[in-house]
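A.B. asks: test case, fold it:
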Amino acid sequence: MNPDYEKQLEAEISRELRALPELAAPPALADRILSAIAQRDRVPWYRRSWVSWPPALQVASFAALMVVFGGLCLASWQLAQSGTAAAAAHRVGEYCSWFNVIANTLAALTNAAILAVKKLGPGFLAAGLFLAGMGYALCVGLGTVYFRLGFAKR
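C.D. replies: Numbers count the residues shown, from 1 in each chain. A predicted model of the protein is given here:
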């Protein structure tokens, strides 16, 4: 577009918007908003966001959280150094070993499918997809017929 036209249009829109009168909020809405603001101030400090807590409580809670975090770090380091962590990791690995079996099976099936497509050619793949689509359409069509026959009004 023309930059001069855009500037003129912007100036005209701005002028029209400034000429509009101020809209007043309905009295009921203003009262509800003022009561909501007043109610927010009456909420106890522990129900407010952490930023609005008293500074002494902010410092105390931050220090407590730092102590808890340090304790968790120390406990995890001690657990990692002990032999029980290795035993637990081994047990979890045994429980989850079937994930590895499934992944290997899927990889083998994928490689077999890729090899079959390469050896048989894209025509065979297209014919197979066409036959699968036709079989799906046949199942949907027969299902629709059986459903209508089963629920037909007599």
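A.B. asks: which strands or helices does the helix of greatest length in the chain pack on?
C.D. replies: Selection of the longest helix in the chain by residue count, based on DSSP state H, yields helix 122-150. Using 3 or more CB pairs under 8 Å, 6 or more residues apart in numbering; DSSP states H and E as the contact criterion, helix 122-150 has no neighbours among helices and strands. No exception for glycine: its C-beta is placed from N, CA and C like everyone else's.
A.B. asks: now it: how far from the chain's centre is it?
C.D. replies: Computed by CA atoms, centre = their mean, to the nearest Å, the separation of helix 122-150 from the middle of its chain amounts to 35 Å.
A.B. asks: tell me the mean pLDDT for it?
C.D. replies: For helix 122-150, the per-residue pLDDT values average out at 92.
A.B. asks: now the residue nearest to the spatial centre of the chain: how far from T110?
C.D. replies: For the chain, the residue nearest the mean C-alpha position is F99 (24.2 Å; CA atoms, centre = their mean). Distance, F99 to T110, using CB to CB, to the nearest Å: 16 Å.
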